[in-house]
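**Q** quick one, fold the following:
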Amino acid sequence: WAPAGGEEDGEGKGPAEETGEAREEDVTDAAAPPRRQVPPVERTQKLVRLFVSSTFDDMHAERNALQARVFPAFRQTCQLRGWDFQVVDLRWGIRDEATDAHRTVPICMEEISRCRALSPRFNFLLLLGSRYGYRPLPDSLAPDVFAALATELPRVPHASAEASTLLERWYPLEANLVPTRHVLRPL
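**A** From the prediction side, this is the model:
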């Protein structure tokens, strides 16, 4: 096993690994609001940090098998070659306060960026199943998007009469941001 591009010492590096910084364009959506940058991290140790991503409801057995059998064996293989192995599995790690503040997706994106900055190419594991998973509301809306939604909501069949009021209540304009945005209120 060679963690970085086939070289045992891990010196084969891609563009992100050369600087130790994650490339923001690789982990964000162009339509998404700006996210807090993860501070640059210098890779000072040989580390494989793996982010595990899946829907939680249909992947219990697979995640448990990874934790019980696969990861311990991989950790041992890494240790034999002088590498540390860390797993980032956020099914236990996002607090209710962060969820209520709509921070789940930004926390996941920050952890993915951190894994990319600290680890060679093997840093993300996606488990796909039969469920679509969680689709959060956007944490903010640009004023033009908000205006388009407010204009179209009254025209949506079966939309409640108070849909526009709810949109305004849950996405107030935050004039202190530059540029201004409508930010989703915490629960």
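
**Q** just checking, what packs against the longest strand along the chain?
**A** Using DSSP state E, we find that the single longest strand of the chain is strand 47-53. Under the contact definition 3 or more C-beta pairs under 8 Å, 6 or more residues apart in numbering; DSSP states H and E, strand 47-53 sits against strand 84-88, helix 104-118, strand 124-126. Every residue, glycine included, has its C-beta placed from N, CA and C.

**Q** for the second one, packing partners?
**A** Contacting helix 104-118 under the criterion 3+ C-beta pairs under 8 Å, 6+ apart are the following elements: strand 47-53, strand 84-88, strand 124-126.

**Q** what's the closest of those strands to residue 181?
**A** Closest approach to residue 181 among the helices and strands packed on helix 104-118 (C-beta to C-beta): strand 47-53, 26.7 Å.

**Q** which intervals of this protein have sub-threshold pLDDT?
**A** When residues are selected by pLDDT under 70, those of the chain lie in 1-44, 56, 92-99.

**Q** ok, which stretches of it are helices?
**A** Secondary structure of the chain, counting by DSSP state H: helices at 15-19, 60-65, 71-80, 96-100, 104-118, 143-152, 163-170.

**Q** among those helices, which is the most enclosed?
**A** Greatest average neighbour count among the helices of the chain goes to helix 104-118 (a mean of 20), per mean count of other C-beta atoms under 10 Å.
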